[in-house]
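Q: quick check, what structure comes out for this input:
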Amino acid sequence: MILEVAILQVIPGEEQNFEKSFAQASAIISGMKGYIQHELHKCMEEANKYILLVKWETLTDHTVGFRESPEYQEWKALLHHYYDPFPTVEHYELLYKSA
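A: The predicted model follows:
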């Protein structure tokens, strides 16, 4: 399992529209091969800042399976115009988990 992490800076004033679009986009990503779970968190200190956490079975499920799919084009159309700057996406593997 890998964890995709993206810090999302949404254009100020577009937070509500982004959140509505994200709810639509959630149906897209959750149907992808290798998808496990995702969470969107809103920053308490900065109203236009979010963190997206997505669990995938493999890195390839995200970087190839999702990003090279027609569904990604739908995701992109729904969400990418809200970001400024465009987010950096990183991938992490679990090294330790508490009991």
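Q: can I assume residue 35 is in contact with residue 56?
A: Yes. Between residue 35 and residue 56 there is a contact at 6.4 Å, judged by C-beta atoms under 8 Å. All C-beta atoms are positioned from the backbone trio N, CA, C, and that covers glycine.
Q: tell me which of those two has more neighbours.
A: Ranked by neighbour count (other C-beta atoms under 10 Å), residue 35 and residue 56 place residue 56 first, with 24 against 18.
Q: counting neighbours, what do you get for the nearest residue to the more buried one once chain neighbours are set aside?
A: In space, residue 56 comes closest to residue 62 once its chain neighbours are excluded; the distance is 4.6 Å by C-beta to C-beta, 6 or more residues apart in numbering. As a burial measure, the neighbour count of residue 62 was computed by other C-beta under 10 Å and equals 22.
Q: how is residue 62 assigned, secondary-structure-wise?
A: Under DSSP: H, G, I helix; E, B strand; the rest coil, the three-state class of residue 62 is helix.
Q: all set, thanks.
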